[in-house]
Structure formats: C-alpha cells, structure tokens
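# Fold the following and give me the result.
(chains A, B, C, D and E)
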Amino acid sequence: MCGRFTLSATVDDLMAAFPMIRFANIETSPRGNICPTQQVLAVRRTETDAISACWFRWGLVPFWAKDLKIGASMINARAETIIEKPAFRTAFKKRRCLVLADGFIEWTGEKKARKPWNIAFADRRPMTFAGLWERWGEAENVVETCTIVTTTANDAMSKLHDRMPVILTERDHERWLDCSPCEPALLTEMLQPYSGSDLALSPIETALPKA
DNA sequence: CCAGACGTTGTT
DNA sequence: GTCTGG
DNA sequence: CCAGACGTTGTT
DNA sequence: GTCTGG
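Residues are numbered from 1 along each chain as shown, chains lettered A, B, ... in the order given. Have a look, this model is predicted:
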C-alpha cells in the first residue's frame, strides 16, 4: 500500500520535470514527509482543459459522506476493484489526478520493530502516482480530497510488500487524466505495477519526521 | 420496505 | 484492542 | 502509514 | 447516490 510518501522537490524542480503541467498559484514548497489527511500536491485537468497543479487533502471523501473523517480510511484505492467500489467508481469515471511525489515509504518487520524504507527512482527524479479526487461539502466548506491507486508489487518491491502505488509513466499522464471514453483495456494497462528496473530501495535510519 | 454501509492494509 | 489525528 | 490517546464533571 | 442485508 502507500500510507506515507515524500515530496521534497521544489516547484521549480517539478516544473522542469513536467513541462506540460501548469503550476499557476502554487508557491508553497512541499514539505518532505507526507501523511494521510495532509495536503498533497496533485495535478488535474481543469474545466478549460488545462493540466494544472492543485492541492488536495489526502484521503478521499465521497460526495455522499456525512463526515470528513471517512477520508482517513480512503487513502488508497485498489486498482483491481476501483471500477465497482461505491466510494471510488464515480471519481474513477470523472475525476482522475496525478499525485506528485519523489518517493514513498513502506515498513518491514513486526509491530515492535518496524523499519521504514524509502522507495524512489535511482536518479531521484520526481514520480507521479495515479489518483482520484472528489469534492465534498458546500460553499465555503468545500474540501477537495484524493486517494492513491495501488496495485500488486513489482519484483523489486515484493521484497518489502505485496502492494505498491501505481507509478505512471509520462506517456500515460494525459491518458490517465482524460476521463472521457474509458477504454477498459487501456486503463488496465495503465494500472499495472511499475515495469522499469530503476527503483531504489533504501532503509531509513533516522527517525521519521511527523510532518 | 428501511437501515446501514460505502475502504485498505498489517497485525494478532 | 481500537480509534483519532497528523 | 505511525503515534498517541483512550473519561467525566465542576470549579477556577 | 446506490447497493446490500434484514
């Protein structure tokens, strides 16, 4: 799964890495270690068809939810069932996003001695997770939330876990964001475990900052 | 019909 | 043990 | 995901 | 909102 990730790249770094994304009004620098319910930097297609960066609270709150708290348990959406789950299927059809990151954290070992690992590209370039977003609440109380799609672990990751976030290639960025005709085959193809061989797994020795 | 859930993961 | 907050 | 709380009441 | 269980 993916219950914690990092974003340490500056907005300038991200603009250089993803020239097709508009970073209008995004000035805040990312803060490193990101936990559920915090703001994450993401990308969506706007009404004017631009591809723009924006902030979402991490933990998708379905529009019909009575309480914002439900988002805490909606931080991930399984790729295998995303089409049918009531909490995700509407967002899957209409509101897909990219979550910007430069690594994610997984733990190994037993409860008392859990060890965190950082997983990133070997060259440390930023990565994008497939995500869904949702709008909840009314008027001044509107909250926009998102979730990260997970899939089965690839070879490298299976040393640590059996699940991992869906890491999209640049080729798939627009295809994922374009929600119009959903071609199931295309989507299934995009939601596969990352197939590159350049993921670097590094143990984290220092205490995890709490953010 | 109404009431209640709607999610993922790891651990014991 | 289980929920909440970050 | 992990860390930390987990309760009620009345009085200052 | 929409489905499931009773």
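# CA only for contacts and neighbour counts going forward, please
Fine.
# So for the helix or strand of chain A with the lowest mean pLDDT, what gets flagged as buried?
Lowest on mean pLDDT, DSSP states H and E among the helices and strands of chain A sits helix A:184-190, with a mean of 81. For helix A:184-190, burial by neighbour count (16 or more other C-alpha atoms under 10 Å) applies to A:M190.
# Ok, stretch A:67-81 next?
A:L68, A:G71, A:M74, A:I75, A:N76, A:A77, A:R78, A:A79.
# residue contacts, the fifth one?
Contacts for A:N76 (C-alpha atoms under 8 Å, 6 or more residues apart in numbering) come out as A:M1, A:C2, A:G3, A:G59, A:T147, A:I148, A:V149, A:T150.
# Spell out the secondary structure type for the residue in chain A sticking out farthest from the centre.
Distance from the C-alpha centroid of chain A peaks at A:K112, with 27.8 Å (C-alpha atoms, centre = their mean). When classified by DSSP: H, G, I helix; E, B strand; the rest coil, A:K112 comes out as helix.
# List the residues that contact it.
Per C-alpha under 8 Å, 6+ apart, neighbours of A:K112: none.
# Tell me the gap between stretch A:145-155 and the middle of its chain.
7 Å (C-alpha atoms, centre = their mean, to the nearest Å).
# That one near DNA strand B at all?
Yes - using C-alpha under 7 Å from any atom of the strand, we find that stretch A:145-155 touches DNA strand B at A:T150, A:T151.
# just stretch A:94-113 next, same as before
Yes - using C-alpha under 7 Å from any atom of the strand, stretch A:94-113 reaches DNA strand B at A:W107, A:T108, A:G109, A:E110, A:K111, A:K112.
# What residues does chain A have near DNA strand E?
Counting by C-alpha under 7 Å from any atom of the strand, the residues of chain A that sit close to DNA strand E are A:W64, A:A65, A:P86, A:A87.
# Now do the contacts for the second one.
Right, A:A65. Contacts of A:A65 by C-alpha under 8 Å, 6+ apart are A:W136.
# Now do the same for it: its pLDDT.
Note on A:A65: pLDDT of 92.
# Cool, thanks, talk later.
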